[in-house]
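**Student:** Have a look at this prediction, sequence included:
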Amino acid sequence: MADSGQAAETRRSDGAAANSEIAAAFDDGPAFIPYLAVGDPSYEASKAYVEALARGGADVIELGLPFSEPIAEGPTIQGAIVRALEGGMTPELFFEFVEDVDVDVPLVCMTYYNLIYQYSPPGSDERGPEQFVARAAEAGISGLVVPDLPAEEADPLRAACDEHGLDLVFIVAPTTEGERLQSMMERVSGYVYVQARLGTTGAKSDVSDQTDRSLQRLSEWNVPKAVGFGISSGEQAERIVASGADGIIVGSALVDIVADGVDSEWSTAETADKLEAKARELAEGATRGQTEPAPSDE
Amino acid sequence: MADSGQAAETRRSDGAAANSEIAAAFDDGPAFIPYLAVGDPSYEASKAYVEALARGGADVIELGLPFSEPIAEGPTIQGAIVRALEGGMTPELFFEFVEDVDVDVPLVCMTYYNLIYQYSPPGSDERGPEQFVARAAEAGISGLVVPDLPAEEADPLRAACDEHGLDLVFIVAPTTEGERLQSMMERVSGYVYVQARLGTTGAKSDVSDQTDRSLQRLSEWNVPKAVGFGISSGEQAERIVASGADGIIVGSALVDIVADGVDSEWSTAETADKLEAKARELAEGATRGQTEPAPSDE
Amino acid sequence: MSTDHATDAEDSPTKAADGKFGDYGGQYVPEALMPAIQELTDAYERYVVNNEDGFMDEFRQRLADFGGRPTPLQRADRLSERYDCDVYLKREDLLHGGAHKLNNALGQVLLAKYMGKDRIIAETGAGQHGTATAMAAAHLDMPCTIYMGERDINRQRPNVFRMKLNGSDVKPVTAGRGTLKEAISETMRDWAASVETTHYVIGSIVGPHPFPVMVRDFHAVISEEMRTQVREQTGGLPDSVVACAGGGSNTMGAFAHFVDDEDVNLVAVEAGGSSLAVDEEKGVAPNSASLSTGDEGVLHGARTKLLQDSFGQIMESHSISSGLDYAGVGPELAHLVDEDRVTPVAIDDDAALEGFHRLSNTEGIIPALETAHAFGYLEEHAEELSGTVVVNVSGRGDKDLQAAIEETEARDIPNAPDMSMFSEGI
Amino acid sequence: MSTDHATDAEDSPTKAADGKFGDYGGQYVPEALMPAIQELTDAYERYVVNNEDGFMDEFRQRLADFGGRPTPLQRADRLSERYDCDVYLKREDLLHGGAHKLNNALGQVLLAKYMGKDRIIAETGAGQHGTATAMAAAHLDMPCTIYMGERDINRQRPNVFRMKLNGSDVKPVTAGRGTLKEAISETMRDWAASVETTHYVIGSIVGPHPFPVMVRDFHAVISEEMRTQVREQTGGLPDSVVACAGGGSNTMGAFAHFVDDEDVNLVAVEAGGSSLAVDEEKGVAPNSASLSTGDEGVLHGARTKLLQDSFGQIMESHSISSGLDYAGVGPELAHLVDEDRVTPVAIDDDAALEGFHRLSNTEGIIPALETAHAFGYLEEHAEELSGTVVVNVSGRGDKDLQAAIEETEARDIPNAPDMSMFSEGI
Ligand SMILES: Cc1ncc(COP(=O)(O)O)c(C=O)c1O
Ligand SMILES: Cc1ncc(COP(=O)(O)O)c(C=O)c1O
């Protein structure tokens, strides 16, 4: 796992990463940021899968801590979450997983606010963001993404993240504009998650040109821009990086492979191999994108 | 069949019979008046049954011309009507039956007003009571009972009956009182049908003491009083005649035998024998009643 | 828009106190029932006509509080556009129980209380009148027995359950075909045996006098409200009032206060079934169009127009809507048709289903299949419509969902939704 | 009888315009939806709060004409006698569609029109909100898609058919258990992809601000009428107002105009299900009593009281009435309970069924199983009742006949009718 010692060193200022590892991940060319739900379809299998993503070239990995009502997810990731919950995944097991998994890239926890709000460490009666972030930091988490937590409601979690040196990543949607965009710019840290198009997560074969517009709106932001929602191929990754993204986030296209593995009863190793190959395709696509000129229609 | 020539001779005055045969039936001791639905369960069988009733001692026979909505009948006679209609009985066939049946007692047609109202003789376009009564008289019917025709609506039918020498029998219910009783007394002819108790037709094992009260109310009427509704045994017949009735009317107890015959697949002759025996029991009961003193509680 | 010449709206519905409408009406009942209907006539005159002991006041108050009156008169914007006239809906479907039936049931059960009766009986076909009577009986704490044909019981189990929930006893009638006709006969039989303690709550403007006038008067609140509402909303009287007609109670309820306004067209929409021609072989009329095709006769206590064969036997009628499936019709309506005051129109099963889907998907109101005939009329006679057309929405369609599925599936109805998931029923 | 100290009835329901009720409420939604709910908040303030362009006038007119408002406040004579107090029934069961749900659905669909949206989406559990939305959408000519769990679709086929009849598209949700929770999540997903053209008509006083205040304001007409009616009929304010609570929309509708009258007891009756204890093994709460037993948390966009396990995963809830079967509750109601202004009471399945049969057979009104919980409360807490007790009859029970049969058969309910002929269902 990533060494959490360093993470505690707080150096956050608006737009900059609070967590040195996340900052570092963007230093060296475009970041490829894959997502998987932890525990899908089992603890052991998902450990193998996350490790395969690292081998495939991940710069940061988003680990989903499954919540029973994932309102921002499309059917693919929802399916992953259902499998993980049925497999017995809990927040405590999630943190054990983070401690256990053998990768050396920064790990970002993606979950819904109620699990944070309700979290209490084993043996404790206290609940809430402070407890959650302390335990996350201890386990080696470098940042958080909480899709149902708008900036306006985020102050307690922000404070805890600041204290423990974690980044709190916000999502900017195609519909985010004006004042609202401004206030997010002031609050974001680590990287900004640029939602490529309206809707929920899910692999799409086209890449929206809303992406270009979004990146343009954020061009003055002093923070890496990672684009997600619907990216499923190396070519898309390339095109998006070429449009100016600092990173790409890919979830559903990878979860689709896990789901296929479950349906087709592939061995864990087989699925892991396919994940690694897909990761490589995406990482390479992203790298290619950086060296190409931006598309002319901009 | 009864000779219809005599019937045409009109000698009606309030309370007296318009039809000499009906008048004659009451001259000679209490009259036993059985009822059967014509065509139940077939034309031929019911002919045999009606003839059996005559042999068993009937003084007048009420022949039911079946109507599809017999609202004054209980389930027993309703069943007979359904069987007769299913067997194809029609008004015209009914009149043929009257011409055909071999009995020498007066025949009274019991039916509902719509069949009279709608009647038109074969080949004619004219409809209504006048047509119906003319045909009935021609066939040899001596009187009519129409349970759903109140005295107030009876004028056209009364006129036709008067013209053709038929009696129009009215039913007096236990609830008929006061002015209404008076107006019926003024209209009735042939005999008055004294309804023994409230409700519809149907054999009962007790005989209501409403009968006694009804007979008392009618004691001044200048017309034979025939009691019906629920009489099923010779003893009941006896008791009712002893109470002052001039006749008894029995339907359901006889129809029950026809129904049993249908259910048990008796031969027509077998059913006819049982009907004849029952008729005899009832006729003899009535005769006994006349010779006994009236019950002391009167 | 018709001009509005004054009528005494309060008096209009109480005509024919002698029980005759021309030659129609009367009291063709067994003698045993005559005293009961005379007692009822007397009670009708005292309480209903003359409001003795404040009967009508209590009735109206209970109709408001328990029943939900007044019901709205709603302009149907989308239908108005479709038919290029002003369509208004009189929303009897919003009355407690889901149909106009409660007006009458509540009136009669209350009257029975005033008369000192301690038991209620009623017949029911589809179960609409039965459920209305059961509700009224529970509300007024009266023991109640409902007669219902066995076949109807099996077709209308939800309504049977509703009656039982309301504490009524439902007695199956096995005679004949086990439908409404037999249930009426059976209820008359019970009444003949129990007249002294029992009131028979008849379900439409049929039966012997005083039922036709009494039931009409209880329903006349429909047109009384309509008249006021349509004046408020349009400034005048309607050009037409349209209502479906089985026995004709919602019909006369909707017409009563307009009968004297000769400029208001009154359209009674009957069930044309599958055909107006009689199936001579089976002795069946595949319709219930007694106003359009029936002959004069006597049924269930009254002289009226009937579906009957040449001998005078009552024919089996047919309609997709069980509430219109009756071989007779109220004598007052028969008379108004003979007088050319009411126009009878027969709408067949297919057109009724089109009307059903039309109202459902353009106005968000699912009508009873009975009511749907009135909307089938709008659809089929659109070119005749003009000015203000008020349709009486006699009931809601919740009771008819299963039937609507079966009947829609069996036909090619252009405006029906995709029914594929319902081919097995609901 | 409480004394009536003046409140500004018009202002009272529009509190919490900032979206917070104490710590509850808020806008916990994906960023993609934030602009939409900000736009909605703006529209809410302009049209609903400030009646811009006469929005509220049109809303109220349509509620009257299309919906059938005002609904009556009826004294329940027989229940009053039974419980030795004055029981009044607010008859939302008479609203078009058979439940209070239309108040909100019509308000939101109309608002969507004012906002220039051209498509409506909604979730539904039992189908009551879905049918209300489908009716409103047909009435206002708005294309409409309803998300419904596949399992609920199979349990509530008549309601699915009603929505289709009204022209709505019903989309099955196969995720998870295929019930309400999943349908809400799925609708939010559609919305996240279509916010620019589409309005999400949420079904109760739940979800992110401004939904809880907006839905409450649309339903507040219930207590506005109640207040006037109870004054007219009794001369004062009620001693108690009783309403069942699932999400709590009929509840807040019935309470809104009484919140400032501290002497009026407000009783929110939750579904106690089969037990208030959690089944730890299955991770299931065999009840839906989030006010009585839930913990604070965040669900479907708002912070409120929830049924959740120790990790914060939302638990499956249970109730015989699918409309109360929800793990959350409106944030305003949660806050009023914390403030001791509203008393939560849990009524279990058995008592709810007793309440169902009680109202059916003594008053002639068959309530929805949701509503039946309020009558279970009267039955179980009769000794606490005094003075004027107003019960909100949130809906009628026609939709629940099959469930009532099954649940009654499975228990020994003393006041149920003989059910023998229904053991096979209806
Ligand atoms: C909704 C509805 N409309 C109409 C009818 C027909 O009855 P009538 O013609 O007496 O109004 C019925 C009868 O059940 C009905 O339920
Ligand atoms: C009749 C009825 N009452 C109550 C409810 C519960 O909803 P709420 O608590 O929002 O009023 C429902 C929901 O479907 C319902 O149909």
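**Tutor:** Perfect, I can see it now. Ligands and ions are numbered 1, 2, ... in the order given.
**Student:** Check whether the longest strand seen in chain C comes near ligand 1.
**Tutor:** Longest strand in chain C, counting residues (DSSP state E): strand C:265-273. No. Figure legend: strand C:265-273 not in contact with ligand 1 (C-beta under 6 Å from any ligand atom); closest approach 8.8 Å. Yep, even glycine has a C-beta here, placed from its N, CA and C like the rest.
**Student:** what separates that strand from the chain centre, distance-wise?
**Tutor:** Here strand C:265-273 shows a centroid-to-chain-centroid distance of 12 Å under the convention C-alpha atoms, centre = their mean, to the nearest Å.
**Student:** Which SSE is immediately downstream of it?
**Tutor:** Going down the chain from strand C:265-273, the next helix or strand is helix C:290-293, by DSSP states H and E.
**Student:** Does the helix or strand encompassing residue C:136 reach chain D?
**Tutor:** Per DSSP H and E, residue C:136 falls inside helix C:128-139. Yes. Helix C:128-139 lies within reach of chain D by C-beta under 8 Å from any C-beta of the partner chain, at C:134-139.
**Student:** Can you spell out which residues form a bridge with the residue nearest to residue C:265 when sequence neighbours are not counted?
**Tutor:** Distances taken as C-beta to C-beta, 6 or more residues apart in numbering or on different chains place residue C:240 nearest to residue C:265, at 4.1 Å, with adjacent residues excluded. Note on residue C:240: beta-bridge partners by DSSP bridges are residue C:265, residue C:389.
**Student:** Make a markdown table out of the residues of helix C:128-139 next to chain D and add pLDDT, neighbour count and distance to ligand 1.
**Tutor:** As requested, the residues of helix C:128-139 next to chain D are exported to a markdown table (pLDDT from 0 to 100; neighbours: other C-beta atoms under 10 Å in any protein chain shown; distance: C-beta to the nearest ligand atom, whole Å):
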| residue | pLDDT | neighbour count | distance to ligand 1 |
| --- | --- | --- | --- |
| C:134 | 98 | 34 | 14 |
| C:135 | 98 | 31 | 14 |
| C:136 | 98 | 32 | 15 |
| C:137 | 98 | 27 | 18 |
| C:138 | 98 | 25 | 19 |
| C:139 | 98 | 27 | 19 |
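**Student:** which among those residues gets closest to ligand 2?
**Tutor:** Using C-beta to the nearest ligand atom, residue C:135 comes nearest to ligand 2 of the residues of helix C:128-139 next to chain D, at 18.1 Å.
**Student:** so who does the residue lying closest to the closest one once chain neighbours are set aside touch?
**Tutor:** Counting by C-beta to C-beta, 6+ apart, residue C:135 lies nearest to residue D:364, which is 3.7 Å off, once chain neighbours are set aside. By C-beta atoms under 8 Å, 6 or more residues apart in numbering or on different chains, the contact list for residue D:364 reads C:66, C:134-139, C:166.
**Student:** how does it look with 10 Å?
**Tutor:** Neighbour list for residue D:364: C:66, C:96-97, C:102, C:105-106, C:109, C:131-141, C:165-168, D:78 [criterion: C-beta atoms under 10 Å, 6 or more residues apart in numbering or on different chains].
**Student:** quick one: the strands in chain C?
**Tutor:** Taking DSSP E as the test, the strands found in chain C are C:20-21, C:24-25, C:73-75, C:86-90, C:119-124, C:144-149, C:169-173, C:198-201, C:240-244, C:265-273, C:295-299, C:302-306, C:342-348, C:388-392.
**Student:** Against which helices or strands is the second one packed?
**Tutor:** Right, the one you point to is strand C:24-25. For strand C:24-25, the elements it packs on are helix C:211-219, strand C:302-306, helix C:331-338, judged by 3 or more C-beta pairs under 10 Å, 6 or more residues apart in numbering or on different chains; DSSP states H and E.
**Student:** 7 Å instead, please
**Tutor:** The contact analysis (3 or more C-beta pairs under 7 Å, 6 or more residues apart in numbering or on different chains; DSSP states H and E) places strand C:24-25 against strand C:302-306, helix C:331-338.
**Student:** residue contacts, residue A:124?
**Tutor:** For residue A:124, the contacting residues are residue A:131, by C-beta atoms under 7 Å, 6 or more residues apart in numbering or on different chains.
**Student:** what helix or strand does it sit in?
**Tutor:** With DSSP H and E as the criterion, residue A:124 is inside neither a helix nor a strand.
**Student:** quick one: it from chain D, how far?
**Tutor:** From residue A:124 across to chain D, the span is 12 Å (C-beta to the nearest C-beta, to the nearest Å).
**Student:** what does residue A:276 give?
**Tutor:** In terms of C-beta to the nearest C-beta, residue A:276 sits 29 Å off from chain D.
**Student:** Which residues of the stretch 151-298 of chain A lie near chain D?
**Tutor:** By the rule C-beta under 7 Å from any C-beta of the partner chain, the part of the stretch 151-298 of chain A lying against chain D is A:152-153, A:171-173, A:175-177, A:180, A:195, A:198-200.
**Student:** now swap in chain C and tell me
**Tutor:** Selection of chain C residues close to chain D by C-beta under 7 Å from any C-beta yields C:64-66, C:68, C:71-72, C:74-75, C:78, C:91, C:94, C:96, C:135-136, C:138-139, C:141, C:157-158, C:161-162, C:164-167, C:360-364, C:366, C:398, C:401, C:405, C:417, C:422, C:426.
**Student:** Derive a ChimeraX selection command for the buried subset of these.
**Tutor:** Buried members of the residues of chain C next to chain D, defined by 16 or more other C-beta atoms under 10 Å in any protein chain shown, are picked up in ChimeraX with:
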select /C:65,66,68,71,72,74,75,78,91,94,96,135,136,138,139,157,158,161,162,164,165,166,167,360,361,362,363,364,366,398,401,405,417,422
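**Student:** If I take the longest strand of chain C and helix C:331-338, what angle do their directions form?
**Tutor:** 110 degrees (axes from the mean of the first three to the mean of the last three C-alpha atoms, to 10 degrees).
**Student:** For strand C:265-273, buried residues please.
**Tutor:** Buried positions in strand C:265-273, judged by neighbour count with 16+ other C-beta under 10 Å: C:265-273.
**Student:** which secondary structure elements does it contact?
**Tutor:** So strand C:265-273, by 3+ C-beta pairs under 7 Å, 6+ apart, packs with strand C:240-244, helix C:290-293, strand C:342-348, helix C:369-380.
**Student:** Nearest to residue B:146 among the ones you listed would be which one?
**Tutor:** helix C:290-293 (22.8 Å; C-beta to C-beta).
**Student:** Identify the residues contacting that closest one?
**Tutor:** Residues from elsewhere that reach helix C:290-293 (C-beta under 7 Å, 6+ apart): C:245, C:268, C:270, C:276, C:305-307, C:327-329, C:333-334, C:337, C:344, C:346.
**Student:** what do you get for stretch C:415-426?
**Tutor:** Under the criterion C-beta under 7 Å, 6+ apart, residues C:354, C:357-358, C:361, C:401-402, C:405, C:408-409, D:157-158, D:161, D:164-165, D:167 lie in contact with stretch C:415-426.
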